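1. Structure here, sequence nowhere to be found:
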């Protein structure tokens, strides 16, 4: 006679200081930052034939995440996270100013700024409890000469007021701190989503298929982990990037006649 089966209930204990549900929601393709409309210069590289197969796309994604915009964004995210956790508006403004200034082309600046504004607006509408204290949101003015004014939160309500334009990594880092998401989780999620969006752009450009896209993401997992560890311990004086080819392709994309993506 077979043994009687007993139903088992497994309760997963959340890790202290982590809010993975919120992190997954913010990194979901359904979160309206418009990331799908940007290729980060990949479209120009594909048109020129510089990125044309799985191997070249993998090298491209790895370089950008570890040595290009991904490296800078990771450093800026860390700075914004720590400033927001300390409710230090001056440090948050400094991180944002650096994040807005260090972009190699107008399209890359627009990509970061528009995603940052969209992330902050959506977070304010759906997850307002995750945003930093009011003082931390009052960034010193450092906007570029374009873009609309935004809203700020003050005295428990909403008032129309000029707000400095905010880059995506600053908005994400500040919100992650406000939500109690661990910094290393926030970094893994941000860089992983960055890499996944580049791979998705490669798929839509016809460089690879879906399975090869997943092979790329699986292969570069150790590189993303190493980039996270480096960002958490890097000296601020070592801030910077070194992906000149990607920067030049981004500049070329600004005047490309036929294109699918905004960057």
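-> Thanks, I have it. These numbers come from a predicted model, not from an experiment.
2. Please make it C-alpha for all contacts and neighbour counts, starting now.
-> Noted.
3. which stretches of the protein form strands?
-> Along the chain, counting by DSSP state E, strands occupy 151-154, 157-160.
4. Could I get the phi/psi values of the nearest residue to residue 201 once chain neighbours are set aside?
-> Using Cα to Cα, 6 or more residues apart in numbering and skipping residues adjacent in sequence, the residue nearest residue 201 is residue 39, 5.6 Å away. The phi/psi pair for residue 39 (degrees, to the nearest 10) reads phi -120, psi 0.
5. Repeat that for residue 104.
-> According to degrees, to the nearest 10, residue 104 has phi -80, psi -20.
6. Relative to residue 249, how far out is residue 108?
-> 11 Å (Cα to Cα, to the nearest Å).
7. Check residue 223 too.
-> Residue 223 sits 23 Å away from residue 249, going by Cα to Cα.
8. And residue 208, by the same measure?
-> The span separating residue 208 from residue 249 equals 19 Å under the rule Cα to Cα.
9. for residue 62, same thing?
-> Residue 62 is 16 Å from residue 249, by Cα to Cα.
10. Spatially nearest residue to residue 262, not counting backbone neighbours?
-> That would be residue 38: by Cα to Cα, 6+ apart, it lies 5.2 Å from residue 262.
11. Distance check, the one you found against residue 19.
-> Distance, residue 38 to residue 19, by Cα to Cα: 28 Å.
12. Neighbour count for these two, which is higher?
-> Higher neighbour count among residue 38 and residue 19: residue 38, with 22 against 17, using other Cα atoms under 10 Å.
13. Regarding the more buried one, what are the backbone dihedral angles?
-> Torsion angles, degrees, to the nearest 10, at residue 38: phi -120, psi 140.
14. before we move on, what about residue 209?
-> phi -100, psi 180.
15. ok, it touching residue 199?
-> No - with contact defined as Cα atoms under 8 Å, residue 209 does not count as touching residue 199 (9.8 Å).
16. Mind checking which of these two has more residues around it?
-> Taking other Cα under 10 Å, residue 209 and residue 199 do not tie; residue 199 has more neighbours (28 against 16).
17. what sits against the more buried one?
-> 57, 61, 213, 216, 217 (Cα atoms under 8 Å, 6 or more residues apart in numbering).
18. please redo it, this time with the cut-off set to 6 Å
-> When contacts are counted by Cα atoms under 6 Å, 6 or more residues apart in numbering, residue 199 touches residue 213.
19. can you list the weak-confidence ranges in this structure?
-> By pLDDT under 70, the low-scoring segments of the chain are 1-18, 132-164.
20. Run through the helices of it in chain order.
-> 20-27, 42-48, 54-67, 69-85, 89-101, 106-126, 134-137, 168-178, 183-204, 210-219, 221-233, 244-253 (DSSP state H).
21. Mind giving me the packing neighbours of the fifth one?
-> Just to be clear, that refers to helix 89-101. Using 3 or more Cα pairs under 6 Å, 6 or more residues apart in numbering; DSSP states H and E, the elements in contact with helix 89-101 are helix 69-85.
22. Can you check what angle separates the helix it packs on from helix 54-67?
-> 30 degrees (axes from the mean of the first three to the mean of the last three Cα atoms, to 10 degrees).
23. Can you spell out which helices and strands pack onto helix 69-85?
-> If you count contacts as 3+ Cα pairs under 6 Å, 6+ apart, helix 69-85 packs onto helix 89-101, helix 168-178.
24. So what touches it?
-> For helix 69-85, using Cα under 6 Å, 6+ apart, the contacting residues are 64, 65, 91, 92, 95, 169, 170, 173, 174, 177, 231, 240.
25. Surely the residue nearest to residue 262 and residue 253 touch.
-> No - between residue 38 and residue 253 there is no contact under Cα atoms under 6 Å: 11.2 Å.
26. State the distance from the nearest residue to residue 124 once chain neighbours are set aside to residue 46.
-> In space, and not counting its chain neighbours, residue 124 is closest to residue 131: 7.1 Å by Cα to Cα, 6+ apart. Per Cα to Cα, residue 131 is found 38 Å from residue 46.
27. Comparing those two, which residue is more hemmed in?
-> residue 131 (22 against 19).
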